[in-house]
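> what follows is a protein structure lacking sequence information:
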């Protein structure tokens, strides 16, 4: 891993990173497939072997994207591509390496390096922009659960505009669902958590935005 510095070498701003995938045993490869289908939220947006969403690239399609970029996007997509609709999913370094090695092998990704910023860019994000960027792909732009991607999901996305349903959910429940995702709450793992991507204030703002969509108050 090399270091990229500012002119004169006065301040380090980024790292040049290289990822070397490891060969996976049949057991390890099956473990990744199970993680992708049953635990991780990746198939909410991506498809694998015909299963999953259509918002992002096919995880098994041949790609010229180099192996290190695949690894870096899984590890912290917002750092690599600020403003990307892909949230950061908390995973151990071992799991990131395992998933990246599997996907690189499936996609035939070539070796290569990427420049990784040491800090994330701070982009101004109003609540409506957050909803349209990160939520509307599944829940629809007006919260009706009618996005084109919804039909590819095993469980229909929550209809945020439905007052009857949303009034039965407390603000705390909505906060937890946004922050932690579906798997932690015993719901669909295709719903990602955004706690590692949004601030608490941004999540609270999204809860209020959902209340505006449903024109309802939550249960106490």
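Yes, it's here. Keep in mind that this is a model prediction, so the values were computed, not measured.
> grab the most central residue of this protein for me.
Taking CA atoms, centre = their mean, the centroid of the chain lies closest to residue 87, which sits 3.3 Å from it.
> which of the three states applies to that residue?
Three-state call for residue 87 (DSSP: H, G, I helix; E, B strand; the rest coil): coil.
> how about residue 16?
Classified using three-state DSSP, residue 16 is strand.
> isn't it up against residue 117?
No. Residue 16 lies out of contact with residue 117 (CB atoms under 8 Å); the separation is 11.3 Å. For the C-beta atoms, the positions are set from N, CA and C on the backbone; glycine is no exception.
> break this protein into its domains for me.
For the chain, automatic domain parsing gives the domain ranges 2-117, 127-214.
> end-to-end on the last one?
What that stands for is domain 127-214. From its first residue to its last, domain 127-214 covers 16 Å (CA to CA, to the nearest Å).
> and that domain, how far out from the chain's middle?
13 Å (CA atoms, centre = their mean, to the nearest Å).
> what pLDDT, on average, does it get?
On average, the pLDDT along domain 127-214 is 97.
> so how far is residue 142 from residue 89?
27 Å (CB to CB, to the nearest Å).
> err, residue 169, not the other one
From residue 169 to residue 142 the distance is 18 Å (CB to CB).
> can you tell me the helix or strand for residue 106?
If you go by DSSP states H and E, residue 106 is part of helix 93-107.
> buried set for that helix?
Neighbour counts over helix 93-107 (16 or more other CB atoms under 10 Å) mark 95-107 as buried.
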